[in-house]
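Novice: below is the sequence, then the predicted model.
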Amino acid sequence: MTKPARHLTSGSPWRVKRILDVTHEETCGVLKDFLENAIRDAATYTEHANHKMVTAMDVFDMENIADIYGNYDNYTDYEVDLDTAPCIKGGNSHSINVVIAVVYSLVCFLAVKGNMVVMVVIFYNRHKISSTDIYLLHLAVADLLFAVTLPFWAVDAISGWVFGDAMCKIISLLQEVNFYSGILFLACISVDRFLSIVYSTKIHQQKGPFLIKVICAVVWVLAILLSLPVLYKGKYILPDIDRTMCYEILSGESAETWRVTTRFLRHFIGFLVPLAVMIFCYSVTIWRLCQMRGFQKQKAMKVIIAVVLAFLICWLPHNITVFIDTLMRAKLIGETCDRRNHIDRALSATQTLGFLHSCINPILYAFIGVKFRNNLLRFLASVGLIEQSATPQYMRSVSTSSVSGLTDTTI
């Protein structure tokens, strides 16, 4: 038993070292094999992954990309038809609406003051009132009532229509009645001047107060009849600009036909006929005055020319614009979105210009006229606002009689 123990003990250091060397070599070999296998597997995986990426990219090669992003031969261009595209109505800017409201307010103030002066002076001299004075009185009433509607439209320009359906109908009817009555009374004055100057010794002297009253009544009735279509107006909300307005509301298949028919009728009776009468009467009157001499002839011609020019400048642009709008609604003129917006803006601008005529009338028909100016001075002197010496000498000498002759024909 003791021999083996000594044998192992004497040889153990070498054996241990050999065992350790073998173990170290085997370990290094195993690690080397593991690392080589790992590197080889990693390389194989990377190569396989790269192969998959390349294979996938083959689907989207440069030729296919060019087809997708660069070739539009198979696509059809889409063209926008502006005639059938939805038309977005563009309203006035806020600053323009403020200007319109200020203009309406100013015109209202001047028209109320001026036409009230005309009415007071005519009533003051009612004991010697002439046919022209009667027409001037009714014209002043028409312009005064017309001016009363302007504050409503001033508010509408800024805040939209906030007064409801009933007031929309009432204000629109009042405005239209006084618009047509004003134009018709202008035509009556032109006929009266024509008869006064051209036939001063015949027809004009035969006219009586009753006939003048009948003519005035006919004018008011005709103005009301021409204005009845505005009863179709009501509160309407524009969806494009979210704004409430007083607008003509018609429905049904015959709505557009009804609108166009009534507009043509109103154009013809309410504007073209009075305009033709004014042009004819004033043309003949001016021709007759050109054959006369004197200061009064020149004053009468100035008043007539001023009257015609003021009427044409104020109302002709608006009526032309309304007539074009009527032709577009009747499909006689092609309507596009741009044309519609231009016409709407033109209607607003020319309407403002037409409203100015209500405050110009007192100046043209009253303050420029010789007879009215003398009557105004006499009225101011009677109430103590001016000195008696400020009145014309001939007016003081004939204070109890009417002014006759050509002076009476100069309004």
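Specialist: Thanks, I have it. Numbering: from 1, shown residues only.
Novice: excluding its backbone neighbours, what's nearest residue 146?
Specialist: Spatial nearest neighbour of residue 146, chain neighbours left out: residue 178 (3.9 Å); criterion: CB to CB, 6 or more residues apart in numbering. The C-beta positions use only the backbone N, C-alpha and C, and glycine is treated the same way.
Novice: that neighbour should be in a helix, yeah?
Specialist: Yes - checked against DSSP: H, G, I helix; E, B strand; the rest coil, residue 178 lies within a helix.
Novice: which outside residues touch stretch 171-179?
Specialist: Identification of contacts with stretch 171-179 by CB atoms under 8 Å, 6 or more residues apart in numbering yields 142-143, 145-146, 148-149, 152-153, 163, 220, 223-224, 226-228, 230-231, 233, 246, 270.
Novice: could you give the mean pLDDT of that stretch?
Specialist: On average, the pLDDT along stretch 171-179 is 88.
Novice: also stretch 126-136?
Specialist: 83.
Novice: can you give me the buried ones in that stretch?
Specialist: 129, 130, 131, 132, 133, 134, 135, 136 (16 or more other CB atoms under 10 Å).
Novice: would you map the helices across the stretch 151-300 of the chain?
Specialist: 164-198, 203-206, 209-227, 255-267, 273-290, 295-329 (DSSP state H, counting those that start in this stretch).
Novice: low-scoring stretches of the stretch 201-350 of the chain, by residue?
Specialist: In the predicted model of the stretch 201-350 of the chain, residues 201-208, 234-242, 250-254, 293-300 satisfy pLDDT under 70.
Novice: how far does stretch 353-373 stretch from start to finish?
Specialist: Start-to-end span of stretch 353-373 (CA to CA, to the nearest Å) is 27 Å.
Novice: what's it in contact with?
Specialist: With contact meaning CB under 8 Å, 6+ apart, stretch 353-373 is reached by 103-104, 107, 110-111, 114-115, 117-118, 121, 136, 139-140, 143, 146-147, 150, 182, 189, 296, 299, 302-303, 306-307, 310-311, 313-315, 317-318, 376, 403, 407-408, 410-411.
Novice: in it, what's buried?
Specialist: Residues 354-362, 364-366, 368-373 are the ones in stretch 353-373 that count as buried (16+ other CB under 10 Å).
Novice: one step back: now, the contacts of stretch 171-179 that are in strands?
Specialist: 233, 246 (DSSP state E).
Novice: just the buried residues of the contacts of stretch 171-179.
Specialist: Buried among these by 16+ other CB under 10 Å: 142-143, 145-146, 148-149, 152-153, 163, 220, 223, 226-227, 230, 233, 246, 270.
Novice: thought residue 289 was touching residue 200?
Specialist: No - with contacts counted by CB atoms under 8 Å, residue 289 stays clear of residue 200, the gap being 11.6 Å.
Novice: adding distance to residue 125, write the helices of the stretch 151-300 of the chain out as TSV.
Specialist: What follows is these, written out as TSV (distance: least, CB to CB, whole Å):
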stretch	distance to residue 125
helix 164-198	17
helix 203-206	19
helix 209-227	15
helix 255-267	35
helix 273-290	24
helix 295-329	19
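Novice: looking at the ones you listed, which is buried most?
Specialist: Mean neighbour counts were compared across the helices of the stretch 151-300 of the chain using mean count of other CB atoms under 10 Å; the top stretch is helix 164-198, at a mean of 21.
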